[in-house]
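Trainee: here is my input; please provide its structure:
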Amino acid sequence: MPQQSVEQTPGYDAGAVMAQLLDHLEDDFDDTGPFAHDPSIEDTYTPIWREAIWPTEFMALHWHPLFWGWGVERGHDQPVLVIPGFIANDLIMLPMRQWLNRIGYRAHAANIHWNTSCPDQTASDLARQVESIHRRTGKKVILVGHSLGGMLAKTVMLKNPELIDRVITVGSPFRDIVEAHPLVLKVWDYLKIGKGDLVGRNLKASCGTGYCLCDFTQNMIAPAAVDVPQFAIYSRNDGIVGWQSCAEEDPSKNIEVNGASHMGLAFNIGSYRALAKRLAQKV
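Mentor: All right, here's what the predicted structure looks like:
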């Protein structure tokens, strides 16, 4: 893994680095330069066409008794911070927050309008929100994150482990090498180039790569050991990320949701059933 961040190179010129990234993106056969190969990210040709099923998962959830609070263990007003995935927002996670409130938890939105900003800055904002929730409630906070949201949750956990009750990742590629479909990686890179006031407003050329020395990246590459329970929910049917990168090393910490798409993991009946189990589990 490179030891020097692109941003910390002597004489760093942000415009020049961004131009170099653009040149690399325009030439798929370019095998030179700092963005030619990132050892922390691996292209994985997942069955992306399977993502087309997520609307059916969404509709099926709303017709299922579990969504309305039947047949699941109840919470006891524990605060839960729900973090959306890449290019997602709090509105997309609204059904999950509504469900959590129905079954006895106190769900909090992450205040993310579009999850396209610098992940390290987003994690810092979330850490401050955790501190605020803890001050108001006097309780440790449960973190639930979908996709990139789960990776952010793990970084928040490492910032304030004493304030976190547990972390539950849902389809989050948090293992040391992120495996994702190349189209997703291209979107991330193009956000850096087309950044504006609403999306990617604080992205740098090295954001989300192994060339960055920020806490978020380093926590993904070499996470510190903390005494906080961590659970993972994943699907082998995931069309966006490699499911192997979404599972904890300890199999007892994992729950597989059969047939769920990556996007659908935020709405799948099996995901909610798994969440209810992990939320109620004694730790």
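Trainee: what ranges do the helices span in this structure?
Mentor: Secondary structure of the chain (DSSP state H): helices located at 14-26, 54-63, 94-102, 119-137, 148-159, 182-193, 215-221, 269-280.
Trainee: mean pLDDT lowest for which of the ones you listed?
Mentor: Note on the helices of the chain: helix 14-26 shows the lowest mean pLDDT, a mean of 51.
Trainee: pick the most buried one from the helices of the chain.
Mentor: Comparing the helices of the chain by mean neighbour count (mean count of other C-beta atoms under 10 Å), helix 148-159 ranks first with a mean of 26. Where C-beta positions appear, they are placed from N, C-alpha and C, glycine not excepted.
Trainee: which residues touch it?
Mentor: For helix 148-159, the external contacting residues (C-beta atoms under 8 Å, 6 or more residues apart in numbering) are 81-86, 88, 110, 115, 119-120, 122-124, 126-127, 130, 143-145, 164, 167-174, 215-216, 219-220, 223-224, 226, 228, 230, 232.
Trainee: gap between it and the chain center?
Mentor: Here the centre of helix 148-159 is set off from its chain's centre by 8 Å, with C-alpha atoms, centre = their mean, to the nearest Å.
Trainee: stretch 68-75 too?
Mentor: Centroid separation for stretch 68-75 versus its chain: 25 Å, with C-alpha atoms, centre = their mean.
Trainee: for the record, mean pLDDT for it?
Mentor: Averaged across stretch 68-75, pLDDT comes to 94.
Trainee: contacts for that stretch?
Mentor: Residues external to stretch 68-75 that are found in contact with it (C-beta under 8 Å, 6+ apart): 65-66, 99-100, 102-105, 272-273, 276-277, 279-280.
Trainee: C-alpha coordinates for it, CSV please?
Mentor: What follows is stretch 68-75 as a C-alpha-only set of coordinates in CSV (Å, rounded to 0.1, in the frame of the first residue of the first chain):
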residue,chain,number,x,y,z
TRP,A,68,-45.6,-3.2,10.5
GLY,A,69,-44.0,-4.6,13.7
TRP,A,70,-45.5,-8.1,13.8
GLY,A,71,-43.4,-11.1,14.8
VAL,A,72,-40.2,-9.2,15.8
GLU,A,73,-38.6,-8.6,19.2
ARG,A,74,-39.2,-5.1,20.5
GLY,A,75,-36.6,-2.5,21.4
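Trainee: tell me how far A276 lies from P95.
Mentor: Using C-beta to C-beta, to the nearest Å, we find A276 at a distance of 14 Å from P95.
Trainee: how about the nearest residue to E179, chain neighbours excluded?
Mentor: G242 (3.1 Å; C-beta to C-beta, 6 or more residues apart in numbering).
Trainee: neighbours around the one you found, how many?
Mentor: The number of residues packed near G242 is 22, by other C-beta atoms under 10 Å.
Trainee: quick one: residues contacting I133.
Mentor: Contacts of I133 by C-beta under 8 Å, 6+ apart are P79, L81, H108, V141.
Trainee: if we go to 6 Å?
Mentor: Applying C-beta atoms under 6 Å, 6 or more residues apart in numbering, one finds that I133 lies in contact with P79, H108, V141.
Trainee: same check on K192?
Mentor: If you count contacts by C-beta under 6 Å, 6+ apart, then K192 has L203 around it.
Trainee: buried residues of stretch 234-247, list them for me.
Mentor: By 16 or more other C-beta atoms under 10 Å, the buried positions in stretch 234-247 come out as Y234, S235, N237, D238, G239, I240, V241, G242, W243, S245, C246, A247.
Trainee: export the helices of the chain to CSV and tack on distance to P251?
Mentor: Putting these into CSV (distance: least, C-beta to C-beta, whole Å) gives the following:
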stretch, distance to P251
helix 14-26, 38
helix 54-63, 25
helix 94-102, 25
helix 119-137, 27
helix 148-159, 18
helix 182-193, 27
helix 215-221, 21
helix 269-280, 14
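Trainee: how near is the residue nearest to V80 when sequence neighbours are not counted to Q218?
Mentor: Distances taken as C-beta to C-beta, 6+ apart put I142 closest to V80, at 4.5 Å, once the chain neighbours are dropped. Distance check for I142 against Q218: by C-beta to C-beta, it reads 24 Å.
Trainee: cool, thanks, signing off.
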